[in-house]
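A.B. asks: Show me the folded form of this:
(one chain, ligands or ions: 1)
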Amino acid sequence: MTFPPLREELRGIEPYGAPQLPIDQAPVQLNVNENPYGPSAVVVADIATAVAHAATTLNRYPDREFTELRTALAAYLSTDTGAGDPPIAPEQVWAANGSNEVMLQLLQAFGGPGRTAVSFAPTYSMYPEYARDTSTRWVTGHRETDFSLDLDAARALVTAERPSVVLLPSPNNPTGTALPPAAVTALCEAVGDDGVVVVDEAYGEFRREGVPSALELLPTHRNLVVTRTMSKAFAGAGLRLGYLAADPAICDAIRVVRLPYHLSAVTQAAARAALRHAPELLGRVDDLRVERDATVAWLREQRLEVADSDANFVLFGTFADRHAVWQDLLDQGVLIRETGPDGWLRVSVGTADEMTSFQEALTRTLKELT
Ligand SMILES: *Cc1c(COP(=O)(O)O)cnc(C)c1O
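C.D. replies: Just a heads-up that it's a prediction; the model follows:
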């Protein structure tokens, strides 16, 4: 037996994560889809006051049901449901330390040995890891060459595999593509009461005008789960707060697998303070969408292939040696992400200055390498 006595299927596996490079080595960091705008002094002060207050009770366990935070998240989500839809109620909301933890809990509750999780590639690279870690069988269907879903093939896959969890990132990472409501509806109907359909809207707030959120479909599908995060649009990646909206019975089921007191008093206080400043923290989303659309247009002018994006990143290519392009950009201080289908690269949308640096660096790279 080799030491440490790791599970067979985990041996030799590298932990997931993009390279984290110090800022002097890569001054322009466009690799993990963070919001480039930090909180203002007013928001920082309010979070600090809230955390200081929480610190006075740190000898006690936090509110296990995080009732006030759930109420604040429900109120925030209710601003994004369709006109005429009922507001999202606190008992429809669940939260954890990042939406990654929310999705792991979904797999712990609804996946497991003898059960199957399905997604459609290219898809978020963490999903197969949740499946592996919960001993859930992992099956991927495919997307079309424009990264949309072939609905007939998707329905056929669900009918053949009978998954208990379907994971649909929309807007998708790494492609940026949003799913039309008809696709979500078709999959919710195909899965039925035998499973849950998780629409991962980590980038939901960045979607283009006229693209609806799957939140609008909650009243019609009790097996639908919509996940969100404070990491991206909300400029709170360091906060570690992800959440979902679903039928209250789904939230109740997750309570069975969550660790007791999984959300610390500090996290709950900081997240509630941040939510009080939602308009300010989300205030740069419109700027980032404009910068995103400009980046898509500029890359197309360079005669590159570019996926339509409803997110705060852009997938572009294709390169015979994408690693060489990635490395040459990094040599110029611009860190992007080597991810997605062969030959493609992904750039996060930063400030206007950062995008200018990216464009200048890529112009030099394209001249040198192609
Ligand atoms: C970034 C991202 C998340 C969010 O992760 P957190 O754990 O909330 O920081 C979730 N899903 C996708 C597809 C992402 O790209």
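A.B. asks: which residues touch the closest residue to the ligand within the stretch 251-370 of the chain?
C.D. replies: Across the stretch 251-370 of the chain, the shortest distance to the ligand (C-beta to the nearest ligand atom) belongs to Ala311, at 8.1 Å. Bear in mind the C-beta positions are built from the backbone N, C-alpha and C, glycine included. Contact analysis of Ala311 by C-beta atoms under 8 Å, 6 or more residues apart in numbering lists Asn33, Pro171, Asn172, Asn173, Gly176, Tyr203, Phe206, Arg207, Arg292.
A.B. asks: mind redoing it with 6 Å?
C.D. replies: Contacts for Ala311 (C-beta atoms under 6 Å, 6 or more residues apart in numbering) come out as Pro171, Gly176, Tyr203, Phe206.
A.B. asks: Next one: it relative to Pro260, how far apart?
C.D. replies: 35 Å (C-beta to C-beta, to the nearest Å).
A.B. asks: quick one on the thing from earlier: restrict the contacts of Ala311 to the buried ones and give me that as a ChimeraX selection.
C.D. replies: To isolate the buried members of the contacts of Ala311 in ChimeraX, using 16 or more other C-beta atoms under 10 Å:
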select :171,176,203,206
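A.B. asks: Can you lay out the contacts of Ala311 as CSV showing pLDDT and distance to the ligand?
C.D. replies: Formatted as CSV, those follow (pLDDT from 0 to 100; distance: C-beta to the nearest ligand atom, whole Å):
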residue, pLDDT, distance to the ligand
Pro171, 97, 8
Gly176, 96, 10
Tyr203, 98, 7
Phe206, 96, 11
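A.B. asks: Is it possible to get TSV of the contacts of Ala311 that adds distance to Glu301 and secondary structure?
C.D. replies: Shown next, in TSV, are those (distance: C-beta to C-beta, whole Å; DSSP: H, G, I helix; E, B strand; the rest coil):
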residue	distance to Glu301	secondary structure
Pro171	23	coil
Gly176	18	coil
Tyr203	24	coil
Phe206	22	helix
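A.B. asks: List, one by one, the residues from this protein near the ligand.
C.D. replies: 33, 98-100, 124, 169, 173, 200, 202, 229, 231-232, 237, 242 (C-beta under 6 Å from any ligand atom).
A.B. asks: Those residues: which two are farthest apart?
C.D. replies: Pro169 and Ala237 (17.0 Å; C-beta to C-beta).
A.B. asks: Looking at the two now, which is surrounded by more residues?
C.D. replies: Set Pro169 next to Ala237 and count neighbours by other C-beta atoms under 10 Å: Pro169 wins out with 26 against 16.
A.B. asks: What residues are bridge-paired with that one?
C.D. replies: On the basis of DSSP bridges, Pro169 takes part in beta bridges with Asp200.
A.B. asks: how about the strands in the protein?
C.D. replies: Listed in chain order, the strands of the chain (DSSP state E) span 28-29, 93-96, 116-121, 137-142, 165-169, 196-200, 224-229, 242-245, 305-306, 313-317, 334-335, 345-348.
A.B. asks: Let's have those strands in CSV, adding mean pLDDT.
C.D. replies: Formatted as CSV, those follow (pLDDT from 0 to 100):
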stretch, mean pLDDT
strand 28-29, 97
strand 93-96, 98
strand 116-121, 98
strand 137-142, 97
strand 165-169, 98
strand 196-200, 98
strand 224-229, 98
strand 242-245, 98
strand 305-306, 97
strand 313-317, 97
strand 334-335, 97
strand 345-348, 98
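A.B. asks: ok, the residue in the chain that the ligand sits nearest to - contacts?
C.D. replies: Per C-beta to the nearest ligand atom, Gly98 is where the chain lies closest to the ligand, at 2.6 Å. Shown in contact with Gly98 (C-beta under 6 Å, 6+ apart): Arg240, Gly242.
A.B. asks: try it again with 8 Å
C.D. replies: Thr229, Ser231, Arg240, Leu241, Gly242.
A.B. asks: By neighbours, which of the residues of the chain next to the ligand wins?
C.D. replies: Counting by other C-beta under 10 Å, top hit in the residues of the chain next to the ligand: Asp200 with 30 neighbours.
A.B. asks: quick revisit: would you mind giving the strands of the chain as TSV with distance to Pro62 added?
C.D. replies: As requested, these are arranged in TSV below (distance: least, C-beta to C-beta, whole Å):
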stretch	distance to Pro62
strand 28-29	32
strand 93-96	12
strand 116-121	31
strand 137-142	34
strand 165-169	28
strand 196-200	26
strand 224-229	20
strand 242-245	16
strand 305-306	45
strand 313-317	34
strand 334-335	36
strand 345-348	33
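A.B. asks: These: which one's closest to Leu77?
C.D. replies: Comparing these by C-beta to C-beta, strand 242-245 comes nearest, at 5.5 Å.
A.B. asks: Leu366 against Leu299, yeah?
C.D. replies: No: Leu366 lies out of contact with Leu299 (C-beta atoms under 8 Å); the separation is 10.5 Å.
A.B. asks: returning to what we had before: show the backbone phi and psi for the residue of the stretch 251-370 of the chain closest to the ligand.
C.D. replies: With angles defined as degrees, to the nearest 10, Ala311 sits at phi -120, psi -170.
A.B. asks: so where do the helices sit in the protein?
C.D. replies: 41-55, 67-78, 99-110, 127-133, 151-161, 181-191, 248-257, 265-276, 278-281, 285-301, 322-331, 352-369 (DSSP state H).
A.B. asks: winner for burial among those?
C.D. replies: helix 99-110 (a mean of 23; mean count of other C-beta atoms under 10 Å).
A.B. asks: Please enumerate residues in contact with that helix?
C.D. replies: By C-beta under 8 Å, 6+ apart, the list of residues contacting helix 99-110 reads 94-96, 117, 126-127, 130-131, 133-134, 136, 164-165, 167, 195-196, 198, 200, 202, 225, 227-229, 231, 242-244, 253-254, 256-258, 262.
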